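Engineer: Fold the following, please.
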Amino acid sequence: QVQLVESGGGLVQAGGSLRLSCAASGRTFSSYAMAWFRQAPGKEREFVTAISWTGANYYTESVKGRFTISRDNAKKTVYLQMNSLKPEDTAIYYCASHRQSYYSGNYYYTEAAYDYWGQGTQVTVSS
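Structural biologist: Got it, this is the predicted structure:
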């Protein structure tokens, strides 16, 4: 059974920074791509960023240059460093694990690519 536990959310002023963490257990972490999605109030969950098992990064356009995804395979943890936060970044942020090990394609941007999800962590950016 795979478990993903997010932490690091909170309330921050616009322009500030937060670092989210997602600790994984239950399968070989280093073999799987990981991603962050978010869901704002009244909106559908959307892709934010992903990191492949090789370390390649993928970002949605709105966070490029502000957010950075990274992973520490020894700690089985994926991170999301969020800088220059904006009120529109306010959402619940979810960590997800790709359903296919050693995946080498481009199927990262949709929820269907992931089979395990964390419970989410709230990020609120005040103006």
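
Engineer: okay, how far is it across stretch 47-62, tip to tip?
Structural biologist: One end of stretch 47-62 to the other measures 11 Å (Cα to Cα, to the nearest Å).

Engineer: Pairing partners for the longest strand along the chain, with directions?
Structural biologist: Assignment by DSSP state E gives strand 91-101 as the longest strand of the chain. If you go by DSSP bridges, strand 91-101 pairs up with strand 32-39 (antiparallel), strand 114-117 (antiparallel), strand 121-126 (antiparallel).

Engineer: Can you tell me which of those is packed in deepest?
Structural biologist: Greatest average neighbour count among those goes to strand 32-39 (a mean of 24), per mean count of other Cβ atoms under 10 Å. Where C-beta positions appear, they are placed from N, C-alpha and C, glycine not excepted.

Engineer: Not counting that one itself, show me its contacts.
Structural biologist: 20, 22, 24, 45-53, 69, 71, 78, 80, 89, 91-98, 100-101, 103, 108, 111, 113-114, 120, 123 (Cβ atoms under 8 Å, 6 or more residues apart in numbering).

Engineer: which intervals of this structure have sub-threshold pLDDT?
Structural biologist: Judged against pLDDT under 70, the chain has no low-scoring part.

Engineer: Who does the residue nearest to the spatial centre of it form a beta bridge with?
Structural biologist: The residue lying closest to the centre of the chain (Cα atoms, centre = their mean) is Trp36, at 1.9 Å. Trp36 has the following beta-bridge partners by DSSP bridges: Thr49, Cys95.

Engineer: Next up, phi/psi of Ser52, please.
Structural biologist: Note on Ser52: its backbone torsions stand at phi -70, psi 170 [degrees, to the nearest 10].

Engineer: ok, for it, nearest residue in space, not its chain neighbours?
Structural biologist: Distances taken as Cβ to Cβ, 6 or more residues apart in numbering put Ala33 closest to Ser52, at 4.7 Å, once the chain neighbours are dropped.

Engineer: With Leu11 instead?
Structural biologist: That would be Thr124: by Cβ to Cβ, 6+ apart, it lies 4.7 Å from Leu11.

Engineer: Brilliant, that's me finished.
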